[in-house]
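K.L.:
sequence and predicted structure below; questions after.
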Amino acid sequence: MKDYDKEPIIIENDYFFRLTISNKITGVLIFLFFVLLNLTPELDPYKEIMRKAALVMGIFGILFCTFWEIKIAYQEFYNKFFTKFYDDKISFDHIDEHMKFKTEILQKDDLVSVTWALIPYNEEGAGLWMKDIKNKSDKIIAYLTSPLYFLITMLRHFIFLALNGFKFKKYILYRFKSGIIAVPNNKLLSDKDVKFELSSLLGLYTSDLL
């Protein structure tokens, strides 16, 4: 039996920069649509004030999506990221919230599930998908807003696919108690019994979004 502590399985995560750019483009397109809806002046003074406010918010949103966390995108472009699979742990390279290169060590004993998706998901937290929501009122809001989440997520899928040269790829999602990480599918990984994560089509429902 191979000793993975001495010779771990190493997979390069080459998607970080494209994922960040696809998120930025998605945000810019949404706010641009918002701006285009509010270009025509209104005769009613109150509606005109609301139109201008919406216009300002849309322009601010475009600038925010373009320049927010630009340093992360820069580091993702110039760095290489790897996931290493050992016997009892997984090491995962990423850029943390302080915009620093970091290697996260995740214990396999904390692994909750393994699924796959068409785009990568990397997020901290116990409640990530709509099905994880415990609070009844939050769950109702999530279900009511799910069509919007679906449309936005499909837009993200399309943009990410375009940045991939319209090549469909499979991303294995490792769900831990502390969050989720994504690894590009590779022949070194066994994905025979891995099921598709339906919740990935609706995107993340983190507590910050509710």
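P.N.:
Done, it's in. None of these values were measured; they are calculated from a predicted model. Residues are numbered from 1 along each chain as shown.
K.L.:
which stretches in this protein count as helices?
P.N.:
Counting by DSSP state H, the chain has helices at residues 16-37, 45-67, 70-78, 136-163.
K.L.:
compare the ones you listed and give me the one nearest residue 176.
P.N.:
helix 16-37 (18.7 Å; C-beta to C-beta). Bear in mind the C-beta positions are built from the backbone N, C-alpha and C, glycine included.
K.L.:
for the closest one, buried residues please.
P.N.:
Neighbour counts over helix 16-37 (16 or more other C-beta atoms under 10 Å) mark 16-28, 30-31, 34-35 as buried.
K.L.:
now do the lowest-mean-pLDDT helix or strand in the chain: which elements does it pack against?
P.N.:
Using mean pLDDT, DSSP states H and E, strand 123-124 stands out as the lowest-scoring helix or strand of the chain, at a mean of 84. Applying 3 or more C-beta pairs under 8 Å, 6 or more residues apart in numbering; DSSP states H and E, we find strand 123-124 packed against strand 179-184.
K.L.:
tell me which residue of the chain is furthest from the middle?
P.N.:
Of all residues in the chain, residue 43 has its C-alpha farthest from the mean position, at 41.4 Å, by C-alpha atoms, centre = their mean.
K.L.:
shaky segments in this structure?
P.N.:
1-6, 126, 191, 205-210 (pLDDT under 70).
K.L.:
please list all residues in contact with the residue most central in space within the chain.
P.N.:
Nearest residue to the geometric centre of the chain (C-alpha atoms, centre = their mean): residue 121, 4.3 Å. Counting by C-beta atoms under 8 Å, 6 or more residues apart in numbering, residue 121 makes contact with 128, 171, 173, 180, 182, 200, 204.
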